[in-house]
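Student: below are the sequence and a predicted model; questions follow.
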Amino acid sequence: MYLLTVNYFSRAWVEQLWQSVDQAQAVLVVVNNAPLDQEIISWVAEQGSGVVLLQAGTNLGFGRGCNLGLTWIYDRDRDAVVWLLNPDARLLPEAIATLSQILSSHPHISILGTVILEPGGKVSFGGGGFNPKSGEILELQRLPTQITETAWLSGCSLVLNLAKFATCPEFSPDYFLYYEDFDFCRRYAQAGHQIWLTPELRVIHQGSAIARQYPLLKLRHQIYGYLISLQKYGAAGVAGWRSGRIFLAAIAQLPISPGRSLGKLWGLGMFWRFKTRTY
């Protein structure tokens, strides 16, 4: 069993994640997106063979960082089970043993998601919904009663059964942060892979503990990732309609909150460049 996380100046969170794991049952692979982060380098050096550090050399973003880790694991074990986790997530007791039982009982599943809880216990993610006609990409905040198929899963806690993939699965390089998990799930669902969520596995997630440090960058990538996802998977014209609404809202917001307005316009500009490139 491999756990995979992406570090960006988040050594304390990675340490907390590792402390929540039955370390005898897993190897933790940390992709370092922060070359100047000496804290993570020193911490990994103290952990022994159970923790592996892969140097990205630059900030690749979430998806491309995961790709680096997935390739490293796939080259060593093409039948491995890989649990992708945000560094600011932590597991509950017996999580790895429970995961092994679920995959043994449901060998058809390629991609398995978990319920994600806020620190206080409230459900923040219990499955993903998608309406291609309206462009709604939903995070369902309810606890499912049984293991079930779902439209998409959160990359905060995502399990990949590599044995189900003919080649190493990868996230699209079109994304830097946000909605790469939606794209990943929709693309592999279209290729015939089974995507399910189980209520038997739950993780605690601090909730954008890292991304909230960079609010305008977060907003920029949210807008961009959302719109290119609609361009790829939404009904004809829905991405243009949604981008028009966001543009009008950004202009109206400019005198009141210029920072947020500029963040939205920045994301729109990225999306319009993406559309130009793909035509």
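Tutor: Received it, and whenever you're ready, just let me know what you need. Residues are numbered from 1 along each chain as shown.
Student: all the strands of this protein, residue numbers only.
Tutor: Assigned by DSSP state E, the chain shows strands spanning 2-7, 27-32, 51-55, 81-85, 89-91, 109-117, 123-125, 128-131, 136-139, 148-149, 157-161, 194-205.
Student: can you pull the buried residues of the top helix by length along the chain?
Tutor: Secondary structure assigned by DSSP state H gives helix 258-278 as the longest helix of the chain. For helix 258-278, a neighbour-count test (16 or more other CB atoms under 10 Å) marks Arg260, Ser261, Leu262, Gly263, Lys264, Leu265, Trp266, Gly267, Leu268, Met270, Phe271, Phe274 as buried. Any C-beta I mention is one placed from the backbone N, CA and C, and that applies to glycine too.
Student: contacts only, for the second one.
Tutor: Which is Ser261. Ala250, Ile251, Gln253, Leu254 (CB atoms under 8 Å, 6 or more residues apart in numbering).
Student: of those, which belong to helices?
Tutor: Ala250, Ile251, Gln253.
Student: what's the closest of the buried residues of helix 258-278 to Gly192?
Tutor: Among those, Phe274 lies closest to Gly192 (CB to CB), at 26.7 Å.
Student: check the closest residue to that closest one other than its chain neighbours and give its pLDDT.
Tutor: Spatial nearest neighbour of Phe274, chain neighbours left out: Ile228 (5.3 Å); criterion: CB to CB, 6 or more residues apart in numbering. Listed pLDDT for Ile228 reads 98.
Student: ok, Ile228 to Ile41 distance?
Tutor: The spacing between Ile228 and Ile41, counted by CB to CB, to the nearest Å, is 34 Å.
Student: neighbour-wise, which of the two wins?
Tutor: Ile228 (22 against 17; other CB atoms under 10 Å).
Student: okay, the ones in helices among the contacts of Ser261 in a markdown table with pLDDT and distance to Ile109 next?
Tutor: Putting the ones in helices among the contacts of Ser261 into a markdown table (pLDDT from 0 to 100; distance: CB to CB, whole Å) gives the following:
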| residue | pLDDT | distance to Ile109 |
| --- | --- | --- |
| Ala250 | 96 | 40 |
| Ile251 | 96 | 45 |
| Gln253 | 94 | 43 |
